[in-house]
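S.K.: Please work out how this folds:
(one chain, ligands or ions: 1)
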Amino acid sequence: MIARKVRELGVSSAVFPSETPVAELRHARGVIISGGPSSVYDQSSPSMDPAVLAAGVPTLGICYGQQLITQLLGGEVRKGDKGEFGLAFLDLKVTDSLLFAGLTDHQKIWMSHRDLVAAPPAGFRVLASTTICATAAIEDAVRRIYGVQFHPEVVHTTEGTKILENFLFRICGCDKDWNPANRIAQVEDQIRDRAAGRNVFFFVSGGVDSTVAFSLCLSALGSERVCGVYVDTGLMREGETEFVEETFAGLGHDVVTVIHAEEEFLAPLEGVYEPELKRHIIGEQFVKVQERIMAERGLADGTWILGQGTIYPDTIESGGSNRDQSKAATIKTHHNRVPGIQKLMEQGLIVEPLADFYKDEVRKIGREMGLSGLLLDRHPFPGPGLAIRCLCSAEEHAVTRFSEGWLVPVHSVGVQGDSRSYAPVLAIDAFPSAAAKLQDEATELVNRSTGVNRVMACVAAREPLSHQRVFSSYITHGRLELLRRADGIVRQMSHESGFDNCVWQFPVILIPMGSGESRDSVVLRPIFSVDGMTADSVTMPDELLRAMAARVLEIPEIAGVYYDLTHKPPGTIEWE
Ligand code: XMP
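M.R.: Okay, here's the model as predicted:
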């Protein structure tokens, strides 16, 4: 988030592992040390090369970053008497700090800490405080080292952007010269370098990332040297294959062919319910299908490499930056980072033209290349497709009464701190009219209720929650077809009503919960986001919601329609 925010301000930025040696940061105009869930006193907590702090490069520590700087420079960090989580107010103590230039002396900020700086290192002065944290910001203007206990990168810190701007432009002296659309020529050069005379074989999905990456390869190498294949995995949405065929035909790219491989994907998913395992199976299956197709077409002769539409957050969330996979916690494994692909990467057989870009930047690049808005403005759709929206359960369970609602023993993925959670869902009985308020409370509710990571509300159901059961259920043709139908209805209504334009993504999830003969339910998950890294659950117009739920409930196998009220964090956008 910090890196993306910096780029949004027009400054190039990259994420590095915390222990990166100073020698590798020589070209940096500034260094930002991020927050994190550890305490500097833990044995295994991440540290940094202390030489960075002596290198004369302006440095800003955020949250844990401020504590780490303090510890390394001889100050004192201790556990606070109480934690400080959420909204807080910052009082400035000085008027002449460059970091807070142009700000009033009382600010709304976002805090998330328990440890705090008890005594700043020698040479530092305290810039600001809150009622709980006396050292909410510190600086050593001579060494140009700064620390803030709060999070300037999140929207809740109202002047956060201004603070980051001050650091970038007033302190680091950066130029506002980052624009992804200007990088096309450089990316094309990188593609030619990596290809080194070989051709590129590309799996396109019809999504923004793979289409832009594929188009970049085409423009860098020419259509003779680029071959695109769209694999129908059986995990696609209704009408998707036809859309892809038409789109690429419309673009004049007869280099894309469609391969039907439904059984190759569905057979190994039989009896599998664990999300990470599903992802691994699908990723490995992609590699197998790719090897088969390459062999069938005589492409396995060393003159071809594989192209992928991987973007920057995929790499970060799969457990690390480009350089080091060991540092960041694995939030989830993206299908383009499974072992088979890692092996190809080690052999230099992969080209990922967009691996350094965020989604909004990919769209800018696509626009600059003249790709149609119809393609570029599509909502993101995950590589593993409907498999991660079709939840499974190994056993049958009752839905049970829970402190503030009902505990649904369907496990969904969430992200709490920098780690991944896998927990049941809290369901509340009726969809309240004051949904907006509930969405804010949902995070609170998740934090309060140990063992759950999401809250969903019932919009319409054949039977009340007390009569629902979770059934033993896996991915089957029938359930996928059910999900496709429900998703088709939702997409059509969302498109026709214009609600589509109010959301960044609108996953529709099938959960194996029902009553009587109807053994599945549908969850609506409209969200707003800028980059997919964080997201807000969006309130839908009541009339549209009722009409949508009624249409979905016309499908006899569907027992109910629910609405996910959870922001990310603590939920993820997808349910797995
Ligand atoms: P989460 O669920 O992690 O999703 O909040 C963030 C964004 O990433 C998309 N997503 C994926 N995209 N392969 C992809 O290409 C994947 O394995 C994958 N998993 C999640 C998700 O749809 C959302 O836009």
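
S.K.: which parts of the stretch 451-576 of the chain sit against the ligand?
M.R.: Counting by CB under 6 Å from any ligand atom, the residues of the stretch 451-576 of the chain lying close to the ligand are Gln505, Gly532, Lys568, Thr572, Ile573, Glu574. No exception for glycine: its C-beta is placed from N, CA and C like everyone else's.

S.K.: what do you get if the cut-off is 5 Å, keeping everything else the same?
M.R.: The stretch 451-576 of the chain comes close to the ligand at residues Gly532, Thr572, Ile573, Glu574, as judged by CB under 5 Å from any ligand atom.

S.K.: Next step: those restricted to strands.
M.R.: Residues of these located in strands (DSSP state E): none.

S.K.: is the ligand contacted by the helix or strand encompassing Val212?
M.R.: In this structure, Val212 is located in helix 208-221 according to DSSP states H and E. No. If you take CB under 5 Å from any ligand atom as the test, helix 208-221 misses the ligand, and the best it gets is 6.9 Å.

S.K.: can you tell me the average pLDDT over the helix or strand just after that helix?
M.R.: Note on helix 208-221: by DSSP H and E, the next helix or strand toward the C-terminus is strand 226-232. Averaging the model's pLDDT scores along strand 226-232 yields 91.

S.K.: CA atoms of strand 226-232 as CSV?
M.R.: The C-alpha trace of strand 226-232 is given here as CSV (Å, rounded to 0.1, in the frame of the first residue of the first chain):
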residue,chain,number,x,y,z
VAL,A,226,3.9,-14.6,-29.9
CYS,A,227,1.3,-17.4,-29.5
GLY,A,228,-1.7,-17.0,-27.3
VAL,A,229,-3.9,-19.8,-26.0
TYR,A,230,-7.1,-19.4,-24.0
VAL,A,231,-7.8,-22.5,-21.9
ASP,A,232,-11.4,-23.1,-20.9
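
S.K.: That one to helix 208-221, inter-axis angle?
M.R.: Between the direction of strand 226-232 and that of helix 208-221, the angle (axes from the mean of the first three to the mean of the last three CA atoms, to 10 degrees) works out to 160 degrees.

S.K.: Quickly run through the sheet partners of strand 226-232, with directions.
M.R.: strand 199-203 (parallel), strand 256-260 (parallel) (DSSP bridges).

S.K.: export the last one as CSV, just CAs?
M.R.: Going back to what we said before, that points to strand 256-260. What follows is the C-alpha trace of strand 256-260 in CSV, where atoms were taken according to Å, rounded to 0.1, in the frame of the first residue of the first chain:
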residue,chain,number,x,y,z
VAL,A,256,-5.2,-16.7,-29.9
THR,A,257,-6.8,-20.2,-29.9
VAL,A,258,-9.2,-21.7,-27.5
ILE,A,259,-8.5,-25.1,-25.9
HIS,A,260,-11.2,-27.0,-24.0
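
S.K.: OK, now which residue of the stretch 151-300 of the chain is nearest to the ligand?
M.R.: For the stretch 151-300 of the chain, the residue positioned closest to the ligand under CB to the nearest ligand atom is Arg279, at a distance of 6.0 Å.

S.K.: quick check: domain ranges of the chain?
M.R.: Here the domain assignment for the chain is 2-171, 180-384, 389-564, based on automatic domain parsing.

S.K.: With mean neighbour count added, can I get those in JSON lines?
M.R.: Compiled in JSON lines, these are given as follows (neighbours: other CB atoms under 10 Å):
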{"stretch": "domain 2-171", "mean neighbour count": "18"}
{"stretch": "domain 180-384", "mean neighbour count": "18"}
{"stretch": "domain 389-564", "mean neighbour count": "19"}
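
S.K.: Quickly, which of the ones you listed bottoms out on average pLDDT?
M.R.: Set side by side, these give their lowest mean pLDDT on domain 180-384, at a mean of 86.

S.K.: before we move on, the earlier item: CA atoms only: put the helix or strand the residue of the stretch 151-300 of the chain closest to the ligand falls within into PDB for me.
M.R.: Using DSSP H and E, Arg279 falls within helix 275-296. Provided in PDB are the C-alpha atoms of helix 275-296 (Å, rounded to 0.1, in the frame of the first residue of the first chain):
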ATOM      1  CA  PRO A 275      -8.400 -23.500  -0.700                       C
ATOM      2  CA  GLU A 276      -4.600 -23.600  -0.800                       C
ATOM      3  CA  LEU A 277      -4.700 -27.100  -2.200                       C
ATOM      4  CA  LYS A 278      -7.300 -26.000  -4.900                       C
ATOM      5  CA  ARG A 279      -5.000 -23.200  -5.900                       C
ATOM      6  CA  HIS A 280      -2.000 -25.500  -6.100                       C
ATOM      7  CA  ILE A 281      -3.800 -28.100  -8.100                       C
ATOM      8  CA  ILE A 282      -5.100 -25.500 -10.600                       C
ATOM      9  CA  GLY A 283      -1.700 -23.800 -10.900                       C
ATOM     10  CA  GLU A 284       0.000 -27.200 -11.500                       C
ATOM     11  CA  GLN A 285      -2.700 -28.200 -13.900                       C
ATOM     12  CA  PHE A 286      -2.000 -25.000 -15.900                       C
ATOM     13  CA  VAL A 287       1.600 -26.000 -16.100                       C
ATOM     14  CA  LYS A 288       0.700 -29.600 -17.300                       C
ATOM     15  CA  VAL A 289      -1.800 -28.300 -19.900                       C
ATOM     16  CA  GLN A 290       0.800 -25.800 -21.000                       C
ATOM     17  CA  GLU A 291       3.500 -28.500 -21.400                       C
ATOM     18  CA  ARG A 292       1.100 -30.700 -23.300                       C
ATOM     19  CA  ILE A 293       0.100 -27.900 -25.600                       C
ATOM     20  CA  MET A 294       3.600 -26.900 -26.200                       C
ATOM     21  CA  ALA A 295       4.600 -30.500 -26.900                       C
ATOM     22  CA  GLU A 296       1.700 -31.000 -29.300                       C
END
